[in-house]
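*Asks:* Take a look and give me a structure for this.
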Amino acid sequence: MLATRALTWRIGEVAIVDDVHLDLAPGEFLGVIGPNGAGKTSLFNLITGLRPPTGGQILLDGEDVTALPPHRRARRGLGRTFQSSSVFGSLTVRENVRLAVQAHRGGSMKLWRRAAADRGVAAAADAALDRVGLRHRGTALAGTLAHGEKRKLEIALLLAGEPRVMLLDEPMAGVSAEDVPELVAVIRSLTGDSGRSVLMVEHHMDVILDLADRIAVMHHGALLACDTPATVMADATVQEAYLGEAL
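*Replies:* Predicted structure coming up:
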């Protein structure tokens, strides 16, 4: 569903992302770990088109999208969340998601018709909110949500675009310990029988080990290992480079 081939991003002589070959199968959950500065977010920026690579290719469902801008990749089914929460705080939760549905489907530009009256858009927005457990918060202002709820709202915004591949960049960052289990359950539901693939960067090792089918380890911009969680965690090179001690 998603592949990188010798993907590289250099600034001068420094390789931020270095010759990364990665494959993500339909319905697969692939976790990405590594120390700070390993190139994880930079990898996401290349895949989603926020940065142009200095070498290599990005394939989405077999199509070379390396030269496409971010919005055209999104139209082809590639979606992403970011480390920092970004929602329209002065709009309601439902309005946030409704706008995301409209952006995906395209507006009618009928100025005499209220957007909220479009039943198809409203139903799609409510379905996304149901999926993340926020339907009951639909009328609340997004700016009043707790941080964990904002993370769920961001996932609902992503689902509104009907992505086939979802990139989640540290979704647990800043989330309180008591809110982590619910957010993990939401993220686990993203693949299931939908065939949707998930690529997630996360520093919470227990979360990654719980969710991932495979784990990719980045170190100094390069892909150090990519295998099942048990195999990766038992790898002495990974332990030395990333963890510094045996697991």
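*Asks:* Show the contacting residues for residue 224.
*Replies:* Contact analysis of residue 224 by CB atoms under 8 Å, 6 or more residues apart in numbering lists 34, 217, 218, 237, 238, 241, 242. C-betas here are computed from N, CA, C, even on glycine.
*Asks:* could you measure it against residue 98, distance?
*Replies:* Between residue 224 and residue 98 the computed distance is 42 Å (CB to CB, to the nearest Å).
*Asks:* circling back to that earlier point, would you format the contacts of residue 224 as CSV with distance to residue 1 included?
*Replies:* What follows is the contacts of residue 224, written out as CSV (distance: CB to CB, whole Å):
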residue, distance to residue 1
34, 22
217, 21
218, 20
237, 28
238, 25
241, 28
242, 26
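*Asks:* Drop anything exposed from these.
*Replies:* When those are checked for burial by 16 or more other CB atoms under 10 Å, the buried set is 34, 217, 218, 238, 241, 242.
*Asks:* which residues does the residue nearest to the third one when sequence neighbours are not counted contact?
*Replies:* In other words, residue 218. Distances taken as CB to CB, 6 or more residues apart in numbering put residue 34 closest to residue 218, at 3.7 Å, once the chain neighbours are dropped. With contact set as CB under 8 Å, 6+ apart, residue 34 has these partners: 40, 217, 218, 219, 224, 242.
*Asks:* doesn't residue 226 make contact with the second one?
*Replies:* In this case it means residue 217. Yes. Between residue 217 and residue 226 there is a contact at 7.2 Å, judged by CB atoms under 8 Å.
*Asks:* joint contacts of these two?
*Replies:* Contacts common to residue 217 and residue 226, judged by CB under 8 Å, 6+ apart, are residue 232.
*Asks:* ok so, going back, just flag the most distant two among the buried ones among the contacts of residue 224.
*Replies:* 218 and 238 (10.6 Å; CB to CB).
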